[in-house]
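>>> build me a model:
(chains A and B)
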Amino acid sequence: MDRKIIIVHRSEIIRKGLAAIIRQRYTGEMAVLSDKTELEEQYNECSDTIIFAEQRYLVTEDFGNSSHNPAKIVWIPSCTSVSSKSTDNSLNIYANQDDIHELIFKLWKGKADENRNQVQDLSAREQDVLKLVALGHSNKEIADMLYISIHTVISHRKNITEKLGIKSISGLTVYAVLNKLIDTDNIDLESFV
Amino acid sequence: MSVFTAEMRLSSVIHQNYLLLPVINRFGIRLGFRDQTIEQVCAQYNINTALFLALLNTFNNEEYFPEKELKTFSPSLLVDYLQKTHTYYLSYLVPNIEKLLDKMLGTDTRDTKLKIIRSFYSEYNDELLAHITREDEKVFPYIRALQSAVKELQPLPASFAGYSILRFEKEHNDIDEKLLDLKNIVIKYLEPAYDDNDCNAFLFALFQFERDLQDHTRIENKILIPTVLELEKAIKNG
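This next block holds a predicted model:
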């Protein structure tokens, strides 16, 4: 995942000041915008994006409806509003450069932790199939439950085995439990495998 | 990789591949053989030198597998070797792996994740032991009986009537599969709560077992089973 930082603020002083501070440590892609209409072309769902946005000038709706990979928004108070403490989603304009670097680090670290806990080895569909395999369903049952053909189920299972390096059903079950694909509270583990 | 020959010193063979130590044990050979050649050690222990070399080289080198030559050996000699191998697995290697696994997983039985790895291993272990026991108690005696029946031109004892060797090849595949699964689960998907050294010790033992088992299975599938099929044909044809 590429990273991107976008700054949108009508004040040139704030835009350039913030950009300069961020540039001390960050070497990735950055867009500095004075006009919110330019946001749409700059905001790219293929990257992990942090947007420093002027409060009141922009509103949440400006960021579109991207549930897949939403950007992290940090609100910068506009020049006429009262300054407040920096939180994870607002910037205190009296913050020093270390505060700003730390904020960015925290925002992206959060993303990295999220990703690590996800099962990225398999696609969402493959995870669906794996869950049902581990719960003991036959290929026919899985096909019915997921509204796909048996052929597709078999194909998914082949891919799963190839990606994970695990072939047996009990092995796949162990994987599913270890990666939290199956809720272990309601099952008896000893007899499960 | 070199092929071992009868004039080579047994000590240099061990230096080249220490994993052959259990293999020579199966022939009853003990250490302290000084500078004796393989020929001399085999003479001392009354071992068929050609068979010894064939099995040594087969184990040492994956590319080395002289099928024709191996099929010329008496099936009961092969069975003796395979049975000794089973003893090694059952009385030492497998219990050792289990001990190392338990050490690695620790005694905290509340952790569900570790419990499930243990369950998976137990299931594998049960399958393996059942297979080995079946071979020792049914298959190997059958092969010996078959061989002597053909040799003495006698009919096969009634207890073995209708028996066939082919089912065992499939069982080998299932067991191999689970062992590979276990390796991948531990190497790729284990979570942080374990000790590095304990885990490595377990994996080392598992890898060693896998290597030995692969050699063992290769001999059973590629040599023993075809030889027995020939014997079965001979009996059928009178």
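>>> could you list the low-confidence segments of chain B?
Within chain B, the stretches with pLDDT under 70 are B:1, B:107-112, B:162, B:167-169, B:192, B:238.
>>> how about the helices of it, start to end?
Under the criterion DSSP state H, chain B contains helices at B:10-16, B:21-25, B:38-45, B:49-60, B:67-71, B:75-88, B:94-105, B:112-134, B:140-152, B:167-189, B:196-219, B:225-236.
>>> of these, which is nearest A:A31?
Judged by Cβ to Cβ, the one of the helices of chain B that comes nearest to A:A31 is helix B:167-189, at 38.8 Å. Where C-beta positions appear, they are placed from N, C-alpha and C, glycine not excepted.
>>> relative to helix B:112-134, how tilted is the closest one?
Helix B:167-189 runs at 160 degrees relative to helix B:112-134, counting by axes from the mean of the first three to the mean of the last three Cα atoms, to 10 degrees.
>>> got the buried residues for helix B:167-189?
Residues of helix B:167-189 classed as buried: B:168, B:171-172, B:175, B:177-186, B:189 (neighbour count, 16 or more other Cβ atoms under 10 Å in any protein chain shown).
>>> so how many other residues sit close to the residue nearest to A:T49 when sequence neighbours are not counted?
Spatial nearest neighbour of A:T49, excluding adjacent residues (Cβ to Cβ, 6 or more residues apart in numbering or on different chains): A:A71 at 3.8 Å. Residue neighbour count, defined by other Cβ atoms under 10 Å in any protein chain shown, stands at 21 for A:A71.
>>> A:S47: neighbour count?
If you count neighbours by other Cβ under 10 Å, A:S47 ends up with 16.
>>> surely it meets A:R3?
Yes. Counting by Cβ atoms under 8 Å, A:R3 is a contact partner of A:S47 at 6.0 Å.
>>> between those two, what contacts are shared?
A:E29 (Cβ atoms under 8 Å, 6 or more residues apart in numbering or on different chains).
>>> chain A contacts on chain B?
Residues of chain B that fall close to chain A, judged by Cβ under 8 Å from any Cβ of the partner chain: B:112-113, B:115-117, B:119-120, B:123, B:174, B:177-178, B:180-182, B:184-185, B:188-191.
>>> show me the contacts for A:V8.
A:33-36, A:38-39, A:51-54, A:57-58.
>>> again, only using 10 Å
A:15, A:31-39, A:42-43, A:51-54, A:57-58, A:62, A:76 (Cβ atoms under 10 Å, 6 or more residues apart in numbering or on different chains).
>>> which ones among those map onto strands?
A:31-33, A:51-54, A:76 (DSSP state E).
>>> out of the residues you listed, who's the most crowded?
Counting neighbours by other Cβ under 10 Å, the top entry in the ones in strands among the contacts of A:V8 is A:A53, with 27 neighbours.
>>> from B:Y64, how far off is that residue?
70 Å (Cβ to Cβ, to the nearest Å).
>>> what residue in chain B comes nearest to chain A?
Residue nearest to chain A within chain B: B:D181 (3.3 Å; Cβ to the nearest Cβ).
>>> can you tell me how far that residue is from B:Q44?
44 Å.
>>> now do stretch A:137-154: distance from first to last residue.
13 Å (Cα to Cα, to the nearest Å).
>>> that older thread, out of the ones in strands among the contacts of A:V8, which are close to chain B?
Checking the ones in strands among the contacts of A:V8 against chain B by Cβ under 10 Å from any Cβ of the partner chain, not one of them is in range.
>>> ok, so of those residues, who is nearest chain B?
Closest approach between these and chain B, by Cβ to the nearest Cβ: A:I51, at 34.3 Å.
>>> which ones are touching the closest one?
A:4-8, A:31, A:33, A:39, A:42-43, A:58, A:62-63, A:71-75.
>>> circling back: want to try JSON lines for the ones in strands among the contacts of A:V8, with pLDDT as columns?
Formatted as JSON lines, these follow (pLDDT from 0 to 100):
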{"residue": "A:A31", "pLDDT": "90"}
{"residue": "A:V32", "pLDDT": "91"}
{"residue": "A:L33", "pLDDT": "90"}
{"residue": "A:I51", "pLDDT": "91"}
{"residue": "A:F52", "pLDDT": "92"}
{"residue": "A:A53", "pLDDT": "90"}
{"residue": "A:E54", "pLDDT": "89"}
{"residue": "A:I76", "pLDDT": "88"}
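>>> next one: B:S76 from B:L153, what distance?
B:S76 is 17 Å from B:L153, by Cβ to Cβ.
>>> the two: which is more packed in?
Shown here are B:S76 and B:L153; by other Cβ under 10 Å, B:S76 has more neighbours (15 against 9).
>>> does that one touch B:V150 like I think?
No. The criterion here is Cβ atoms under 10 Å, and B:S76 misses it with B:V150 at 11.4 Å.
>>> just say helix, strand or coil for A:G136.
What DSSP: H, G, I helix; E, B strand; the rest coil gives for A:G136 is coil.
>>> least trustworthy helix or strand in chain A by mean pLDDT?
Across the helices and strands of chain A, mean confidence by mean pLDDT, DSSP states H and E is lowest for helix A:189-192: a mean of 57.
>>> tell me the SS of A:Y94?
At A:Y94 the chain is in coil, as set by three-state DSSP.
>>> give me the number of neighbouring residues for it.
Close neighbours of A:Y94, defined as other Cβ under 10 Å, add up to 9.
>>> give me phi/psi at it?
Phi and psi for A:Y94, reported as degrees, to the nearest 10, are phi -100, psi 10.
>>> so what's the residue count around the residue in chain A that chain B sits nearest to?
Closest to chain B within chain A is A:G171: 3.3 Å, counting by Cβ to the nearest Cβ. By other Cβ under 10 Å, 25 other residues sit near A:G171.
>>> surely it touches B:I185?
Yes. If you go by Cβ under 10 Å, A:G171 and B:I185 touch, sitting 6.3 Å apart.
>>> any residues in contact with both of the two?
Shared contacts of A:G171 and B:I185 (Cβ under 10 Å, 6+ apart): A:164-165, B:120.
>>> who wins on neighbours among these?
Within those, most neighbours by other Cβ under 10 Å means B:F120, with 24 neighbours.
>>> briefly note if stretch A:140-156 comes near chain B.
No. Counting by Cβ under 10 Å from any Cβ, chain B has no neighbours in stretch A:140-156; the shortest distance is 17.0 Å.
>>> can you give me the end-to-end distance of that stretch?
13 Å.
>>> equivalent analysis for stretch B:216-223, please.
End-to-end distance (Cα to Cα), stretch B:216-223: 10 Å.
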